[in-house]
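>>> What follows is a protein structure lacking sequence information:
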């Protein structure tokens with residue numbers, strides 16, 4: 001029989017019963033933690049955060065109901081089952097008030113105990129699936145909102161260029177629109193040139209920075225970045241294929257790239273080539289200096 005893929009904390013002060021039920025539980029449950037009283041059980045709960053707590057009521061040091069009340073202060077959703085020899089009404093009422101899922105009286109048949117635990121495990125699995133679906137739906141809605149914000153910004157960008165032409169003022173306005181729409185730390189443009197000997201390089205020509213960000217427009221490393229510079233060789237090859245540079249800086253394949261970007265506090269990057277009349281003109285880049293951001297396909 002496959003074990004239930006859950007963790008369970010079993011709290012019982014009677015050594016004989018604890019050993020018997022522990023063996024039964026270990027046979028059917030993936031991870032079982034054991035405690036001999038309520039205080040020890042509370043400590044184990046804080047340490048391991050089990051999916052289910054199975055506990056006696058009357059125990060030394062701290063009884064089961066007090067332990068359950070303290071667990072409820074930490075997590076109102078933990079599934080708790082009482083296994084006790086005491087069935088007085090006030091125990092049942094207290095258990096109901098504390099949100100206990102089942103109250104079993106000793107001695108309990110092992111099959112009945114495991115069936116009760118399995119029911120709770122199934123409910124846990126169902127709850128997890130529901131949460132996962134909700135998270136997927138939220139993520140999809142969030143992606144749609146971000147995409148719509150970017151599309152609105154790009155529509156505005158087009159209008160700016162048509163109305164104002166391509167100049168420093170219009171470019172700065174455009175970079176601001178893109179930065180706000182994508183919640184980037186920095187948005188910038190590099191333009192390609194050739195030096196006096198005809199050697200190609202790229203240069204950092206425009207930049208927008210969030211109000212709490214740091215500008216790199218005067219960084220001498222970025223003023224004249226030759227195509228054969230180890231920092232830029234891979235970028236040249238990628239962008240000449242009309243492809244993007246994107247991802248977490250720590251995962252970039254070239255150490256020289258990682259060093260220069262870390263010096264600019266960049267955590268995540270997205271850089272896209274700009275082509276004008278079929279010629280590689282330069283590129284636009286977006287930096288995130290706050291979060292390990294994975295750029296989605298929709299954003300790119």
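That came through, no problem. Everything numeric in this text was worked out from a predicted model, so none of it was measured.

>>> Who does the helix or strand that contains residue 201 pair with, and is each partner parallel or antiparallel?
For residue 201, the host element (DSSP states H and E) is strand 200-209. Take DSSP bridges as the rule and strand 200-209 pairs in its sheet with strand 186-194 (antiparallel), strand 225-226 (antiparallel).

>>> quick one: the helices in this protein?
Counting by DSSP state H, the chain has helices at residues 15-28, 38-48, 64-74, 89-97, 110-164, 168-182, 220-223, 233-240, 255-262.

>>> So which bits of the third one are buried?
In this case it means helix 64-74. Residues of helix 64-74 classed as buried by neighbour count (16 or more other C-beta atoms under 10 Å): 64, 65, 67, 68, 70, 71, 72. C-beta: built from backbone N, CA, C; applies to glycine.

>>> Mind checking the strands paired with strand 200-209 for the one nearest to residue 99?
strand 186-194 (49.4 Å; C-beta to C-beta).

>>> For the closest one, could you pull out the residues that count as buried?
186, 187, 188, 189, 190, 192.

>>> how about the strands paired with strand 200-209 in a markdown table, adding mean pLDDT and distance to residue 262?
Putting the strands paired with strand 200-209 into a markdown table (pLDDT from 0 to 100; distance: least, C-beta to C-beta, whole Å) gives the following:
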| stretch | mean pLDDT | distance to residue 262 |
| --- | --- | --- |
| strand 186-194 | 96 | 14 |
| strand 225-226 | 95 | 17 |
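
>>> Now render the ones you listed as CSV, adding distance to residue 204.
Conversion of those to CSV gives the following (distance: least, C-beta to C-beta, whole Å):
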stretch, distance to residue 204
strand 186-194, 6
strand 225-226, 8
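
>>> mind checking which of these is nearest residue 141?
Going by C-beta to C-beta, the one of these nearest residue 141 is strand 186-194, 24.9 Å.

>>> For the stretch 151-300 of the chain, give me the ranges with low pLDDT.
For the stretch 151-300 of the chain, no stretch has pLDDT under 70.

>>> how about a cut-off of 80?
Where the stretch 151-300 of the chain drops to pLDDT under 80, the residues are 153, 161, 297-299.

>>> re the thing from before, of all pairs in the buried residues of helix 64-74, which one is the farthest apart?
Greatest spatial distance among the buried residues of helix 64-74 (C-beta to C-beta): 64 and 72, at 12.4 Å.

>>> before we move on, back to that, tell me the buried residues in the strand holding residue 201?
Per 16+ other C-beta under 10 Å, strand 200-209 contains these buried residues: 201, 202, 204, 205, 206, 207, 208, 209.

>>> Pick the one among those residues closest to residue 9.
When those are compared for distance to residue 9 (C-beta to C-beta), residue 209 wins out at 50.9 Å.

>>> Surely the closest one is in contact with residue 176?
No - Residue 209 lies out of contact with residue 176 (C-beta atoms under 8 Å); the separation is 9.8 Å.

>>> Now residue 116: closest residue in space that isn't a chain neighbour?
The spatial neighbour of residue 116 that comes closest, neighbours along the chain excluded (C-beta to C-beta, 6 or more residues apart in numbering), is residue 102 at 5.1 Å.
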